[in-house]
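Peer 1: A structural model of the following input is requested.
(chains A and B)
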Amino acid sequence: MVVRPTPEQVLLLAPDRSAAVAATAAADPAAWSAAGCDDQAVWGQYIATSAEPYEVAVDLGGPAFRCSCPSRKVPCKHCLALLLLHAQQRVAPAKRLPFAQQLMQRRDRHPTARPVDEVVDLAGAGDTSVAAEPQVAGTRTSSPGGADDPQRQQRRTDRAERMRAGLIELDRWLADQVRTGLASPQLADAATWDRMAARLVDSQCGGLANRVKRVASRVGQHSRWHEDVLEEMAVLHTLARGALRTSMLPEQLGDGVHAATGLTTAKDDVLAGVPSTARWHVVGQSRVREDRITVQRTWLLAIDEHKSPDLNSHQQTWAMLLAFGTFGNEVVAEHFVGTQLHADVHWYPGATPLRALVGRVHDAPVALWHPPVSQTVQQATSAAGWAIAAEPWLERYPVCISAVPTPVGNGRWTLADQTGAVPIVPGFWKLAEMVAVSGGRPITVMGESSADGLLPLTMWSSGQVMML
Amino acid sequence: MITHPPDHITPGLDLASSAAAEWTALVSTAVVGTDRRLPPPADPGWQVWCSSTDPAVALLDRAAAVVVARRAGARADAATDAPLPAAPVDTRPPCSAACAARLDRIVGGQHDVLLPEWLNVCGSSGAQLPWAALPALLLRGRRHPELDQAVRQLAGARADWLAEVLPELGVRVGRSAPGRSAPGRSAAAATPTGWGQPPVLTDSGAIVSGIVQVFVDGMATWAAAPQLRLTAAAIDPAWLPTLIVQLSRLPFHAATQRTLADVLSLAEFRLAMLREFHPPTSEPLSIASQVDHS
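Peer 2: Numbering: from 1, shown residues only, chains lettered A, B, ... in the order given. Model prediction:
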């Protein structure tokens, strides 16, 4: 039995003052339907604002919050309002509704209170087929079969052991390189890196293997390549250390570490999560070849119309759809730049929600020629900074700015407005076209920002959308 | 450079330069290796918890902290003092998306014999050149002075502006049409004359019959295709429907089939191109009557 908090205690959970004020206003029983509670959770649907009710559930044990509203605040005002109602004894005990059950299941996978040894922890989040069930063996009697299957258990443990071995080896290898020095000739040999990458593939850390290969491609790129490589090695070290201790990390950060090491969540589990329904503007698409595989990233942007009291600007919400193609099985574009899609988007778990899947599509896509609402360079840089602070291994972050292509000498170009400038990646092959179209005036540009600079993907000018 | 400092950093410290100093120290140690040189003690504010007493691991721990601080805290570069001078305002309406897409296909190599005509028609319709195509056209103009002149006349002041702000494009500034008085609008308004395009043939009816006759005689082999393409690109556009109908009616002939497809596709492409600029307002002259006439 969990102690019921007082309304004052609930308001102390608010991330800021405005959320507390908004929550008090939303704690009106008339704004809620299907509200209910048991001794572990409280849930309900907030129906006051939009056509789609927000599904809200709070785990009283954590407490942990789940809400389908687009707010990035944790807890959001809906969770707080629900807790307030609960604290005021205005939520009746009831049987758990399906949505509440779904919301709570993700919670069940990460019992934060229990010390879990690393192997089980890796195994639990790593299994991709039964992740909707409670994972920690034997702790939940309600599991609908399968989790106790000894073979499956064995496979899970095997994989965790392999990954663990790979992570330890990677970290040791990184330290060895620093010990002998980055100037040593063996680092300049591609085989050194390939061997490490192959070892990581064997130990099922596919995400890390790709990353090691990308670091290898930076060796000898320019006179200061040692800095680039040390940066990436430090990030790899962080990831390896983090992946060995995911049970000690906050839940979302742990999910992000898993995704970066190569443990992807199964599609069904992502789709079982709470969606965000919005009108998504397809604003950019990039395709890169990576080791015989074509990786296509499609960027969706939703402008948050719900005016938050603490934000006077429009808030951008991003989602990235990832698709892969191989020779003979080419990647297909499902969504086209310059269209708008009214759909449910489900994010993969992680501290910076970007990668997502499109669930239910509510309306056929419509053409949308006008540019999305853009940010200033400063706002975009700051958003990217916060995202990197949340997930330091993030390799690219989307930006959508309105700026002028401006030369800074030495053939380098930036996109600049009054608030600042962001460099364009060196060697951007459509630079001349972009400059010609701009004519020295601001254009709206969507691109991927990375350590090298901004790679423009789409630009809007005089009523036309141009993919770059 | 750092916008979100960790709590333990003393406020007032110049974070960007302290991060840079710490980073330089770590890089120079990492390059020679911790076996040969121990990393210097951390600068104030950059002491981090190290997961091991091994100096190599400790160096990676410290490097990770600096990398994250620098990446997450990176600010936008300062806005430049000398912004790019904007190109003179071009008041012409932009070209339609269909016309621009067709220009892209021509520049991409499809029926590029029609490029002078596309520029000519665009100029006389009073529309802007689609600016995205300008760099490719200027580059192509480096080897074809007549084309260059046509492109620069249509582009107006923006051609010189682009050549000036983007010297790496390798296009000369100011090699514009002789007699062009002022940049910008006056150039746009100037009546284009036949730049590099063969004059429209006057006896197009006879030429259409001639082309068809070459096919009927079986003389239109692949070797003759370039000449036929040029001719089809030069006839009076009013005769294009006739040419298309007559060519479509020809019986199959193995020796000329490839040329036939080529010339036919060019004629259809040209007709579509012209219609994009001047959508037919009324029903055009009946094709059947023209056929009878010829």
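Peer 1: going forward, measure contacts between C-alpha atoms and count neighbours the same way
Peer 2: Fine.
Peer 1: Tell me who's in contact with A:Arg241.
Peer 2: Applying CA atoms under 8 Å, 6 or more residues apart in numbering or on different chains, we find A:Arg241 in contact with A:Leu167, A:Asp171.
Peer 1: so which strand or helix has it?
Peer 2: Assigned by DSSP states H and E, A:Arg241 belongs to helix A:225-243.
Peer 1: cool, A:Leu170 as well?
Peer 2: A:Leu170 belongs to helix A:150-180, assigned by DSSP H and E.
Peer 1: hmm, the following helix or strand past that helix touching chain B?
Peer 2: The helix or strand immediately downstream of helix A:150-180 is helix A:185-188, counting by DSSP H and E. No: shown here: helix A:185-188 not in contact with chain B (CA under 8 Å from any CA of the partner chain), separated by at least 10.9 Å.
Peer 1: distance between helix A:185-188 and the chain's centre?
Peer 2: 35 Å (CA atoms, centre = their mean, to the nearest Å).
Peer 1: which residues are contacting it?
Peer 2: Taking CA under 8 Å, 6+ apart as the rule, helix A:185-188 contacts A:Gln177, A:Thr192, A:Trp193, A:Val219, A:Gly220.
Peer 1: Can you verify my assumption that B:Ala208 contacts B:Ile244?
Peer 2: One thing to correct before we go on: residue B:208 is Val, not Ala. No: at 9.6 Å, B:Val208 and B:Ile244 do not qualify as touching, with contact defined as CA atoms under 8 Å.
Peer 1: out of the two, which sits in the more crowded spot?
Peer 2: Set side by side, B:Val208 and B:Ile244 show more neighbours around B:Val208, with 23 against 20, by other CA atoms under 10 Å in any protein chain shown.
Peer 1: Chain neighbours aside, what residue packs nearest to the more buried one?
Peer 2: What sits nearest to B:Val208 in space, not counting adjacent residues and going by CA to CA, 6 or more residues apart in numbering or on different chains, is B:Leu243, at 5.9 Å.
Peer 1: Please report the distance of the one you found from B:Asp217.
Peer 2: Distance, B:Leu243 to B:Asp217, using CA to CA, to the nearest Å: 16 Å.
Peer 1: More neighbours: these two, which one.
Peer 2: Legend: neighbour count by other CA under 10 Å for B:Leu243 and B:Asp217, higher for B:Leu243 (24 against 9).
Peer 1: Can you name the helix or strand that that one falls in?
Peer 2: B:Leu243 is part of helix B:240-248 when elements are defined by DSSP H and E.
Peer 1: Report the buried residues of that helix.
Peer 2: B:Leu240, B:Pro241, B:Thr242, B:Leu243, B:Ile244, B:Gln246, B:Leu247 (16 or more other CA atoms under 10 Å in any protein chain shown).
Peer 1: which helices and strands does it pack with?
Peer 2: helix B:204-216, helix B:257-277, helix B:287-293 (3 or more CA pairs under 8 Å, 6 or more residues apart in numbering or on different chains; DSSP states H and E).
Peer 1: got the contact list for the residue of the stretch 201-350 of chain A found nearest chain B?
Peer 2: Of all residues in the stretch 201-350 of chain A, the one sitting closest to chain B is A:Ala234 (4.6 Å; CA to the nearest CA). For A:Ala234, the contact set (CA under 8 Å, 6+ apart) comprises B:Leu60, B:Asp61, B:Ala63, B:Ala64, B:Val67.
Peer 1: Quick check, the third one in contact with B:Thr24.
Peer 2: Pointing back at B:Ala63 there. No: using CA under 8 Å, B:Ala63 makes no contact with B:Thr24, being 10.1 Å away.
Peer 1: so which strand or helix has the residue in the stretch 151-294 of chain B that chain A sits nearest to?
Peer 2: Residue of the stretch 151-294 of chain B nearest chain A, by CA to the nearest CA: B:Leu162 (6.2 Å). Assessed by DSSP H and E, B:Leu162 sits inside helix B:157-165.
Peer 1: now that helix, how far from the centre of its chain.
Peer 2: So, by CA atoms, centre = their mean, the centroid of helix B:157-165 is 15 Å from its chain's centroid.
Peer 1: Can you give the contact residues for that helix?
Peer 2: Outside helix B:157-165, the residues that touch it by CA under 8 Å, 6+ apart are A:407, A:435-436, A:439, B:84, B:87-88, B:134, B:138, B:152, B:169-174, B:183-184, B:187.
Peer 1: ok, of these, which come out buried?
Peer 2: Here, 16+ other CA under 10 Å leaves A:407, A:435-436, A:439, B:84, B:87, B:134, B:138, B:152, B:169, B:171-172, B:183-184, B:187 buried among these.
Peer 1: buried set for the one helix or strand A:Arg214 maps to?
Peer 2: Counting by DSSP H and E, the element that carries A:Arg214 is helix A:206-216. For helix A:206-216, the neighbour count (16+ other CA under 10 Å) marks A:Gly206, A:Gly207, A:Leu208, A:Ala209, A:Asn210, A:Arg211, A:Val212, A:Lys213, A:Val215, A:Ala216 as buried.
Peer 1: quick one: average pLDDT of the helix holding B:Leu243?
Peer 2: Taken as a whole, helix B:240-248 carries a mean pLDDT of 89.
Peer 1: For it, output the C-alpha coordinates as CSV.
Peer 2: As requested, the backbone C-alpha atoms of helix B:240-248 are provided in CSV (Å, rounded to 0.1, in the frame of the first residue of the first chain):
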residue,chain,number,x,y,z
LEU,B,240,4.8,20.4,-84.0
PRO,B,241,1.4,18.7,-83.6
THR,B,242,1.5,17.9,-87.3
LEU,B,243,4.9,16.4,-87.1
ILE,B,244,3.9,14.3,-84.1
VAL,B,245,0.8,13.0,-85.8
GLN,B,246,2.5,12.2,-89.0
LEU,B,247,5.5,10.5,-87.3
SER,B,248,3.1,8.4,-85.1
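Peer 1: Appreciated, that's everything.
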